[in-house]
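K.L.:
coordinates only, sequence not included:
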């Protein structure tokens, strides 16, 4: 036996390890050597912004071929409109979609703008995050300097074809033709070829303009969220622009301008002190060329007068003559807190260019076949120090479908938003509005249904989009509040119009019933009193017209009666088209005619219909011929429409 105080003599047993651990050590592979900090640092490199978006192109709106085609057209058209308006030129834009194969298209956009100087062509079309609009506080369609260069990058990735740009800046200068492609690893353009091309001068009859052609993978399909819908809505929000569109079927569609007046030019403003954050304030202090803090506040911000600057400095425990170089983090934080506590006037609104009530109605009248139109523009408000305003237009009736949900058209800085509707503040504001109060049926938690088109437009120096693809407006409380107030305003006008129209229809039905029996009453009265029946008939008819005069009323802008010759009243915010109203009423009468005939058995002959003369009209008790229809004006309404 082995002494309990002695170690085992087996050489296979090691000190401090049990049998299972010994087995694991035999079967385990050699320990893997990890990378060192030096080796890891050698693999790290800068990521180009174009490389990032090339791998994440869905962030820019190039999710699928159909959406990519629409996005490419949208970015080019937006740039063309901005360039024309900044140069005070009425835009005339040509859009062509040439189908190369089932999934390949050549997109060509040409404008009559001022053109692009040669040295800037590579930067504008070949670099992401390059432009003139990002750093300025001024309303414009583009904001980020990504759009058109991203469209060219998508075309290069999907087809390998470079972008062709033709630019002409003056009548006496020849057009320049540049072929380039983007180097995504360096976020810059490589010029494939460039040449002065006088033969292209014929493309620009005004002597200036730009044309860009991009070949890309796409899918063309008409309907909602298509190129066609984008151009339809762009024409509504930009009635001063003329669009010529050639679709893949080689059909030419003209969107003619509704007005020859350019929108007023927006003015660039300085940032508002209420809209900056502490880190931004510190960076501005470090970069300013001002020497004293008082001058810095007055010159670098809007709405900061000498008195406001003095108030901010006193609240921060400094003076207006404090040197900027003496401002540290502690002092900057005190200034930031003082700005939040001080009373500062809201930022100026001349940086915004609303569409305007008149232009809104002009665009809706041009594109929407309705009977009633109204629009309103709200006063400017502020979110995060950025001025903005909301406009809403509404169209009702006419040829709009009655058995579908209402259509919501969303815009931001005159640009249609076709995707991510449910995530947009505009859609949420329409959803939360109580449309039942205005005579439109609505189920809880859903859009109302009826022949209605609602257009919501937000104008701002910086629209808070939910993503880089600019498809939906972020849901800020201040923005949604203004949208709901504007929707309620147009809703009240629609409600007044519908209530008045219903009263007119009811009075018309009363008169029709009364006219049906006054002939018999007149004849019976003649038998009793001896008074001529025709005289009694005419007197009763005058009474019927007086008592039901509501049926002959002409409605003004708010659905109220007018007695003058102007059918639209004095307010320009509402337009009513009588011809389309007549068509709508006539169609509704046709739908209910069968039911009303079933209930009029007393006035029918044995066959169930009213007595007819040989000429097709019904005989009165005086032998006069009446039109076959008992509803006056029914046939003439159809002819007018």
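P.N.:
Thanks, I have the structure now. Worth saying up front: this structure is predicted, and the values here are computed from it rather than measured.
K.L.:
how about the residue nearest the centre of the chain, secondary structure?
P.N.:
The C-alpha lying nearest the average C-alpha coordinate of the chain belongs to residue 411 (CA atoms, centre = their mean; 1.4 Å). Secondary structure, DSSP: H, G, I helix; E, B strand; the rest coil: residue 411 is strand.
K.L.:
give the next helix or strand downstream of the helix ranked longest in the chain.
P.N.:
For the chain, the helix reaching the highest residue count under DSSP state H is reported as helix 477-529. Heading C-terminal from helix 477-529, the first helix or strand you meet, by DSSP states H and E, is helix 533-547.
K.L.:
buried residues in that following helix, which are they?
P.N.:
Neighbour counts over helix 533-547 (16 or more other CB atoms under 10 Å) mark 533, 536-537, 540-541, 544 as buried. In this view, the C-beta of every residue, glycine as well, is placed from N, C-alpha and C.
K.L.:
skipping adjacent residues, who's closest to the residue nearest to the centre of the chain in space?
P.N.:
Closest residue in space to residue 411, ignoring its immediate chain neighbours: residue 457 at 4.1 Å, by CB to CB, 6 or more residues apart in numbering.
K.L.:
wait, the one you found touches residue 356, no?
P.N.:
No - Residue 457 is beyond contact range of residue 356, at 10.3 Å (criterion: CB atoms under 8 Å).
K.L.:
run the chain-centre distance for stretch 217-228.
P.N.:
Centroid separation for stretch 217-228 versus its chain: 18 Å, with CA atoms, centre = their mean, to the nearest Å.
K.L.:
what lies in contact with it?
P.N.:
Contacts to stretch 217-228, defined as CB atoms under 8 Å, 6 or more residues apart in numbering, come from residues 64-70, 72-73, 95, 97, 99, 103-105, 107, 158-159, 229, 245, 247-248, 418-419.
K.L.:
what is the longest strand of the chain by residue count?
P.N.:
strand 386-396 (DSSP state E).
K.L.:
partner strands of it, with direction?
P.N.:
Partners of strand 386-396 in the sheet, by DSSP bridges, are strand 372-377 (antiparallel), strand 381-383 (antiparallel), strand 452-460 (antiparallel).
K.L.:
quick one on the thing from earlier: relative orientation of the longest helix of the chain and strand 372-377 in degrees?
P.N.:
For helix 477-529 against strand 372-377, the angle by axes from the mean of the first three to the mean of the last three CA atoms, to 10 degrees is 150 degrees.
K.L.:
and the angle for helix 477-529 with helix 533-547?
P.N.:
Orientation check (the same axes, to 10 degrees): helix 477-529 against helix 533-547 gives 160 degrees.
K.L.:
now helix 477-529: average pLDDT?
P.N.:
For helix 477-529, mean pLDDT rounds to 84.
K.L.:
ok now it, how far from the chain's centre?
P.N.:
34 Å.
K.L.:
residue 175 contacts residue 169, correct?
P.N.:
No - applying CB under 8 Å, one finds residue 175 not in contact with residue 169, separated by 9.0 Å.
K.L.:
these two: which is more packed in?
P.N.:
residue 175 (23 against 19; other CB atoms under 10 Å).
K.L.:
measure the more buried one to residue 201 for me?
P.N.:
As judged by CB to CB, to the nearest Å, residue 175 and residue 201 stand 5 Å apart.
K.L.:
shared neighbours of the two, anything?
P.N.:
residue 168.
K.L.:
and which of the buried residues of helix 533-547 is nearest residue 365?
P.N.:
residue 544 (36.2 Å; CB to CB).
K.L.:
which residue packs closest to the closest one, ignoring adjacent ones?
P.N.:
Nearest one to residue 544, counting by CB to CB, 6+ apart, is residue 514 at 4.6 Å.
K.L.:
next: residue 185.
P.N.:
If the residues on either side of it in the chain are set aside, residue 185 comes closest to residue 48, at 5.7 Å by CB to CB, 6+ apart.
K.L.:
ok so, going back, helices or strands next to the longest helix of the chain in the packing?
P.N.:
strand 372-377, strand 381-383, strand 386-396, helix 425-432, strand 452-460, helix 533-547, strand 554-555, strand 574-576 (3 or more CB pairs under 8 Å, 6 or more residues apart in numbering; DSSP states H and E).
K.L.:
nearest to residue 404, of the ones you listed?
P.N.:
strand 452-460 (9.6 Å).
K.L.:
off-centre distance for the closest one?
P.N.:
For strand 452-460, the distance to the chain centre is 6 Å (CA atoms, centre = their mean).
K.L.:
quick thing: my sequence starts at 810, can you match it?
P.N.:
All set: I'll call the first residue 810, so the last point we hit is now strand 1261-1269.
K.L.:
give me the mean pLDDT for that strand.
P.N.:
Mean predicted lDDT for strand 1261-1269 stands at 93.
K.L.:
taking helix 1234-1241 as reference, get the angle to that strand.
P.N.:
Using the same axes, to 10 degrees: strand 1261-1269 against helix 1234-1241 is 140 degrees.
K.L.:
hmm, back to that, list the contacts of the residue nearest to residue 1220.
P.N.:
Counting by CB under 8 Å, 6+ apart, residue 1266 has contacts 1046, 1163-1164, 1169, 1199-1202, 1219-1221, 1223.
K.L.:
before we move on, the earlier item: my guess is the residue nearest to the centre of the chain contacts residue 1047. True?
P.N.:
No - Residue 1220 is beyond contact range of residue 1047, at 9.8 Å (criterion: CB under 8 Å).
K.L.:
closest to residue 845 among the contacts of residue 1266?
P.N.:
residue 1221 (50.8 Å).
K.L.:
check the closest residue to the closest one other than its chain neighbours and give its pLDDT.
P.N.:
Of all residues not flanking residue 1221 in the chain, residue 1272 sits nearest, at 4.6 Å (CB to CB, 6+ apart). Residue 1272 carries a pLDDT value of 91.
K.L.:
tell me if residue 1272 really is in a strand.
P.N.:
No - per three-state DSSP, residue 1272 lies outside any strand segment and is coil.
K.L.:
report the beta-bridge partners for the residue nearest to the centre of the chain.
P.N.:
residue 1225, residue 1266.
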